[in-house]
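Asker: Predicted model and sequence follow; I will ask about them next.
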Amino acid sequence: MLATIISLASGALGGNLAGSLLKNYSMGTLWNSIVGIIGGGLGSYVLGSISPELGSAAVSGSMDVASLLASVASGGVGGGVLMVIIGLIKKAMK
């Protein structure tokens, strides 16, 4: 449970960080956070699919450094990537 919360929070941070670095694709703080949270959840799911060892460590709720770093990294990257993808789609629709 803790790993999921960390992934979602990291996703929100990743979405906002990507939005602040890429102003053209930013959707505002609220939407960057919402899309980042969704991306953080998807990122942790993808990490669990790619690397079952890290995925199972993150799901088990263990407090070791590897699972915490995996949760932060997968959430942050997933949130940032999904925010940029949604930003690109939004910009293309204009």
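Answerer: Cool, got the structure.

Asker: Please make it C-alpha for all contacts and neighbour counts, starting now.
Answerer: OK.

Asker: what's the spacing between residue 26 and residue 6?
Answerer: According to C-alpha to C-alpha, to the nearest Å, residue 26 and residue 6 sit 23 Å apart.

Asker: where in the protein is pLDDT low?
Answerer: Across the chain, the ranges flagged by pLDDT under 70 are 54-63.

Asker: What segments of it are helices?
Answerer: Taking DSSP state H, the helices of the chain run over residues 2-21, 29-50, 52-60, 65-93.

Asker: I'd like these written out as TSV, with mean neighbour count added.
Answerer: Formatted as TSV, the helices of the chain follow (neighbours: other C-alpha atoms under 10 Å):
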stretch	mean neighbour count
helix 2-21	25
helix 29-50	22
helix 52-60	17
helix 65-93	21
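
Asker: excluding its backbone neighbours, what's nearest residue 82?
Answerer: Excluding the flanking residues, the one nearest residue 82 by C-alpha to C-alpha, 6 or more residues apart in numbering is residue 39, at 5.3 Å.

Asker: give me every residue that touches the one you found.
Answerer: Each residue near residue 39 by C-alpha atoms under 8 Å, 6 or more residues apart in numbering is listed here: 8, 11, 75, 78-83.

Asker: If anything else comes up later, I'll come back, but that's it for now.
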